[in-house]
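1. dropping a prediction and its sequence here:
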Amino acid sequence: MILHILIIFFIISPFFPATGISHWFFRTADFVRTQSFFIQLILLVLLIWVEWKFSIFNWILAGGLMGSMIYQLVKILPYTFFFPRRKNETTSDACVSILAGNVLQTNSCYPDFLNEVKRFDPDLVLTMESNKDWEDCLSEIEKDYPFTVKVPLENFYGMHLYSKKELKNVEVKYQIEDDKPSIFFDFPIDGDSQIFFCCLHPAPPSPTENETSKERDAELMLTGKMIRKLEKPTVVCGDMNDVVWSRTTRLFKKMTGMVDPRVGRGFFSTYNANYFFLRFPLDHLFHTKDLYVGKMVRSKNFGSDHFAMYYEIHHKKNKPTPKNPKMNGDDKDEVEELIENGKDNQ
C-alpha cells in the first residue's frame, strides 16, 4: 500500500545524515527536518484514520513513525520559542551591528536592498552572491561606508563588505575552493578592543552545485581550527548552506565553544524567501561567549531567494574570551578527516 511505503520512507529518511555519507541525497534530510516532521504527523493521522483496526504491522509502523518524530523534534526544539533562551547578560557600551545577506546575483531589485541598509543603518554590510552589477549599485552607500572589501565574481560566490569604521588585518582567503572566497578582519569596538569576523559562503551539497558536502564541511572545520588558535572575541557569519542541527555545524560549535543566538528565539529561516512552506535556516551567526547578540531581525523580502539578517553584537563587561573547549580523540580525528576529504575532492 502506498501509505505504508511512504511511512517506511519517512521513518528511515530522517536518519540518512547519521550515516555520515556526504552525498547531497543523504544530507538533504537535515535541511527538511521541520517539513518532514509535519509530513510524519500527517502520515500518522492518516494511518490511524485509514487503518482503524490496527494489526501488529501497523502498530510497528506507528511506533517507528513516532520514534522518528521524537528524533527530529530533539534536533529542532532548541531553535523554537519553547526552549529556554540565554539570559541577557550585562553588556558594555561596545556594540557592532551587521546586516548580512545573500542578495542573489541575478536579482536586480537594488533599491529594495538599499532600503534595508537604510532602515537598519548597521555598522557593517555584508553581501554574498554580489557581482560587478551589485558592486556598482552598492557604491551609493560608500559615502556612509567608506571602508570596503570587494570581491566581485560572476559565479554566484562574489562577496562585498562595507564598514563605517576602518577595518584591521583584512584577508580574503580561498580556504578550500579556488572560486569561493571568505573575508576575515578585525573590527575595532572600544579602545584597543577588537572583534574578529569570519565571513563565509561555502557551496551547498546539491544536484546543481557540489555533489557532496565535503568542501563545505572542510571550510567550516578549517575556520574552527583557526578560531581555536585565537584568544579574542570572534564572530562567524554568512550563508553557510547548512542547518544548525547538522552534525558538521554541531561539531563546529563543539570545537570552538561558540554560541548560536537563535537558541530559544526561533528558526529565523532565511531560504527560500519565495516559498514560506519550504524555508530553512541557512544563514548563520555564531559568537564566542564573551559576546552577546541583543537585537536580531530578519529583513523584508528584497527580491533575493534569501532574507538578510541584522544583528547587534555586544561585548560583555569584564568577560575574558573563554579558553578552547576540550576535544576528545574521536572529535579531533573527525575534524581532520573532514578537512582532508574536502581538500582531496578538489
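-> The structure has been received and is ready for your questions.
2. quick one: the closest residue in space to Leu282 that isn't next to it in sequence from Ile70, how far?
-> Closest residue to Leu282 apart from its sequence neighbours, by CB to CB, 6 or more residues apart in numbering: Tyr271 at 4.6 Å. In short, each C-beta sits where N, CA and C put it, glycine included. Distance of Tyr271 to Ile70, given as CB to CB, to the nearest Å: 26 Å.
3. just Ser304 next, same as before
-> Separation of Ser304 from Ile70 (CB to CB): 35 Å.
4. before we move on, what about Glu211?
-> 32 Å.
5. the two: which has the busier surroundings?
-> Between Glu211 and Ile70, Glu211 has the larger neighbour count (other CB atoms under 10 Å), namely 15 against 10.
6. so who does that one touch?
-> His23, Trp24, Pro205 (CB atoms under 8 Å, 6 or more residues apart in numbering).
7. top of the residues you listed by neighbour count?
-> Pro205 leads the contacts of Glu211 on contacts (other CB under 10 Å) with 25 neighbours.
8. could you verify my assumption that that residue touches Pro17?
-> No. Applying CB atoms under 8 Å as the test, Pro205 and Pro17 come out as separate, 10.6 Å apart.
9. what's the overlap in contacts for the two?
-> Arg27.
10. where does this structure have low pLDDT?
-> Applying pLDDT under 70 to the chain flags residues 86-93, 345-346.
11. so for it, which residue is the most central one in space?
-> With distances taken as CA atoms, centre = their mean, the residue of the chain nearest its centroid is His284 (3.2 Å).
12. from Leu41, how far off is it?
-> In terms of CB to CB, His284 sits 27 Å off from Leu41.
13. Thr212 too?
-> In terms of CB to CB, Thr212 sits 31 Å off from Leu41.
14. off-centre distance for stretch 35-48?
-> Here the centre of stretch 35-48 is set off from its chain's centre by 27 Å, with CA atoms, centre = their mean, to the nearest Å.
15. wait, a strand at Pro202?
-> No. Applying DSSP: H, G, I helix; E, B strand; the rest coil, one finds Pro202 to be coil, outside a strand.
16. contacts only, for it.
-> Contacts of Pro202 (CB under 8 Å, 6+ apart): Ile176, Glu177, Lys180, Glu215, Arg216, Glu219, Leu220, Met240, Asn241.
17. show me where this structure has its strands.
-> Along the chain, the segments classed as strands by DSSP state E run 91-102, 124-128, 147-151, 159-163, 168-173, 182-190, 193-200, 234-239, 283-287, 291-298, 309-316.
18. got a markdown table for those, with distance to Trp52 too?
-> Listed next are the strands of the chain as a markdown table, based on distance: least, CB to CB, whole Å:
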| stretch | distance to Trp52 |
| --- | --- |
| strand 91-102 | 48 |
| strand 124-128 | 51 |
| strand 147-151 | 61 |
| strand 159-163 | 56 |
| strand 168-173 | 60 |
| strand 182-190 | 56 |
| strand 193-200 | 51 |
| strand 234-239 | 47 |
| strand 283-287 | 45 |
| strand 291-298 | 43 |
| strand 309-316 | 46 |
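19. deepest-packed of those, please.
-> strand 124-128 (a mean of 26; mean count of other CB atoms under 10 Å).
20. that one pairs with which strands, parallel or anti?
-> strand 91-102 (parallel), strand 159-163 (antiparallel) (DSSP bridges).
21. just how off-centre is that strand within its chain?
-> With CA atoms, centre = their mean, you get 15 Å for strand 124-128.
22. how about stretch 56-75?
-> 28 Å.
23. and the contacts of that stretch?
-> Contacts for stretch 56-75 (CB under 8 Å, 6+ apart): 4, 7-8, 10-12, 14-15, 33, 36-37, 40-41, 43-44, 47-48, 51, 54, 245.
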